[in-house]
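A.B. asks: Fold the following, please.
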Amino acid sequence: MTRMRTIRAAGLGLIALGFAACTAPNAVIDPVLKPVARPAAAKPVAAPPKVARPTSEASAQLRSYLNQVQGAQLSQGLLRRDGGGADTPFTNTMLARNFEQIAFYNEYNGDFSGRGGASPLRRWATPVRMDVIFGEGVPPSQQSSDAANIRSYAARLSRVTGHPVSMGRSANFIVIVAGEDDRGEALAAAAARVPGITAASLAPLANMPRDTYCVVAAYAAGANANTYTAAVAVIRAENPSLLRLSCIHEELAQGMGLANDSPAARPSIFNDDDEFALLTRHDELLLQMLYDPRLRTGMSADQARPTVRQIASELTTGGPV
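C.D. replies: From the prediction side, this is the model:
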C-alpha cells in the first residue's frame, strides 16, 4: 500500500513526500527534511533622536538680545576668564572688607523687588546635592555641555570650601536651565522634588526681567533661619555659552552663602561690572573663609570682624595676592 504524508515545514509551504521503493512491503519511512536556517533575529528599533521643543518668537528675540549683550561686553574687555593678574592685586585688608560686604548683606530682598540689607552669616550645614532640570526647549547638545560644566564646578566648590558638594537625584540644590517658554514647568518640577520648597516660594523666579540673566534663591526650612536647607538657581537657556557659564559660576557660588555683590570686589564675579566671567582666586578665598569653622552661622558682621581679619591675613601671607 502506498502511503503519503503531508507535512508543513516552517518556511517551506505545503510539500508531499513518498516512501522509498527499496524498502520491505508495507514499510513506512518517516521523511527526512532538509534543515531550514533559523530566521535572523529582528534588529532592535533605535529610539528616535531626542529633539528640543520648538521655541517661541519671544524666546528667539531674547536669545538675539543676549548674544548682542555678550558681544558688546567682550568688545569692551569684560567677561575676563583669566582670574585676574598683576593688574588686580589685593591685600588682606581688601579681602576682609570684600568678604564682609558679600557675606553679611543681601543683594535682594525676599521677593527680589528691591535691594537687600544686612544679614547674619548664612551657609549650609548638611551636604549639598545638586541636580539639573532642563527646559524642554533646550537642545540636547546644550544640555550635555551645561551638565558637564555644572558637574565640574560642583566638584570645584567642594574642594574650595571643604564642604561636601556633589551631584545626585535626591537633590537639595536644583539648577534650572530653561527658556521663556518652559521656565514655569521647570520651576514646578523643582518644587515637587525638593522638601522645603513650594511653588509659591518659587513664584518670584518665574518672571525675570530681560536684563536678568540668572538668579538664585536659597531657603532655610530648618530650626536655624540662617542655615540653608535648599536652593534653586535659574539660568536663562537663551544666554550664549559664555554668559551661561558665567551664570553657573556666580549663582552656584552665591547659593553657597555669598549672597551679595560689591563694586569694590576685584578681581571677582561678585561685582555687577561683569569684568570677570568666571570664579577667580580672590573668590575662592572668599568661599574658603565662608566655611572656615572659626566662623559660626548666624554671626553678625561686628561679631565676625576680628576673626575675618585674622583669616584674611593668614590667606594672604606674603603680601598682596
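A.B. asks: any chance you could map the strands in the stretch 151-300 of the chain?
C.D. replies: According to DSSP state E, counting those that start in this stretch, the stretch 151-300 of the chain carries its strands in the segments 165-167, 173-178, 214-219, 227-228, 230-236.
A.B. asks: quick one, which of those is nearest to residue 275?
C.D. replies: Judged by Cβ to Cβ, the one of the strands of the stretch 151-300 of the chain that comes nearest to residue 275 is strand 214-219, at 17.2 Å. The way it works is simple: take the backbone N, C-alpha and C, and place the C-beta from them, glycine included.
A.B. asks: Tell me which strands the closest one pairs with, and in which orientation.
C.D. replies: strand 230-236 (antiparallel) (DSSP bridges).
A.B. asks: on that earlier part again, nearest to residue 266, out of the strands of the stretch 151-300 of the chain?
C.D. replies: For the strands of the stretch 151-300 of the chain, distance to residue 266 was read as Cβ to Cβ. The smallest value, 20.9 Å, belongs to strand 214-219.
A.B. asks: helices and strands around the longest helix anywhere in the chain, which ones?
C.D. replies: In terms of residue count, the longest helix belonging to the chain (DSSP state H) is helix 140-161. Under the contact criterion of 3 or more Cβ pairs under 8 Å, 6 or more residues apart in numbering; DSSP states H and E, helix 140-161 touches strand 128-134, strand 165-167, strand 173-178, helix 241-254, helix 281-290.
A.B. asks: quick one: contacts of that helix?
C.D. replies: Defining contact as Cβ atoms under 8 Å, 6 or more residues apart in numbering, one finds that helix 140-161 is touched by 49-52, 128, 130, 132, 134, 138, 163-167, 175, 177, 235, 237, 241, 244-245, 248-249, 252-253, 256, 279, 284, 287-288, 290-291.
A.B. asks: average pLDDT for that helix?
C.D. replies: On average, the pLDDT along helix 140-161 is 98.
A.B. asks: quick one: low-confidence parts of the stretch 51-200 of the chain?
C.D. replies: The model of the stretch 51-200 of the chain has pLDDT under 70 over residues 51, 108-116.
A.B. asks: all strands of the stretch 1-150 of the chain, in order?
C.D. replies: 5-9, 13-17, 123-124, 128-134.
A.B. asks: can you list contacts of the last one?
C.D. replies: Here strand 128-134 makes contact (Cβ under 8 Å, 6+ apart) with 143, 146-147, 150, 154, 157, 163-178, 186, 189-190, 193, 237, 252, 256.
A.B. asks: Give the buried subset of the residues you listed as a ChimeraX selection command.
C.D. replies: Buried residues within those, by 16 or more other Cβ atoms under 10 Å, are selected in ChimeraX with:
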select :143,146,147,150,154,157,163,165,167,171,172,173,174,175,176,177,178,186,189,190,193,237,252,256
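A.B. asks: Pop the domain breakdown of this structure in here.
C.D. replies: Domain assignment for the chain by automatic domain parsing gives 80-111+259-321, 123-256.
A.B. asks: what's the closest of the ones you listed to residue 59?
C.D. replies: Smallest distance to residue 59 across the domains of the chain (Cβ to Cβ): 4.5 Å, for domain 123-256.
A.B. asks: circling back: for the longest helix of the chain, C-alpha coordinates in CSV please.
C.D. replies: The C-alpha trace of helix 140-161 is given here as CSV (Å, rounded to 0.1, in the frame of the first residue of the first chain):
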residue,chain,number,x,y,z
PRO,A,140,20.4,68.1,23.7
SER,A,141,23.9,69.4,22.8
GLN,A,142,23.5,72.3,25.1
GLN,A,143,22.1,70.1,27.9
SER,A,144,25.2,67.9,27.6
SER,A,145,27.7,70.8,27.8
ASP,A,146,25.8,72.6,30.6
ALA,A,147,25.5,69.4,32.7
ALA,A,148,29.2,68.8,32.3
ASN,A,149,30.1,72.4,33.4
ILE,A,150,27.8,72.2,36.4
ARG,A,151,29.2,68.8,37.5
SER,A,152,32.8,70.1,37.2
TYR,A,153,32.0,73.3,39.0
ALA,A,154,30.2,71.4,41.9
ALA,A,155,33.4,69.4,42.4
ARG,A,156,35.4,72.7,42.5
LEU,A,157,33.1,74.2,45.1
SER,A,158,33.5,71.2,47.2
ARG,A,159,37.4,71.4,47.0
VAL,A,160,37.5,75.1,47.7
THR,A,161,35.0,75.2,50.7
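A.B. asks: buried set for it?
C.D. replies: 142-143, 146-147, 149-150, 153-154, 156-157, 160-161.
A.B. asks: Just put these in CSV and tack on distance to residue 271.
C.D. replies: Shown next, in CSV, are those (distance: Cβ to Cβ, whole Å):
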residue, distance to residue 271
142, 27
143, 30
146, 24
147, 27
149, 21
150, 22
153, 19
154, 23
156, 20
157, 19
160, 18
161, 20
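A.B. asks: Out of those residues, flag the one nearest to residue 71.
C.D. replies: Checking these one by one against residue 71 (Cβ to Cβ), the nearest turns out to be residue 142, at 18.7 Å.
A.B. asks: Next, find the distance separating the closest one from residue 179.
C.D. replies: Noted for residue 142: a distance of 10 Å to residue 179, by Cβ to Cβ, to the nearest Å.
A.B. asks: No further questions, thank you.
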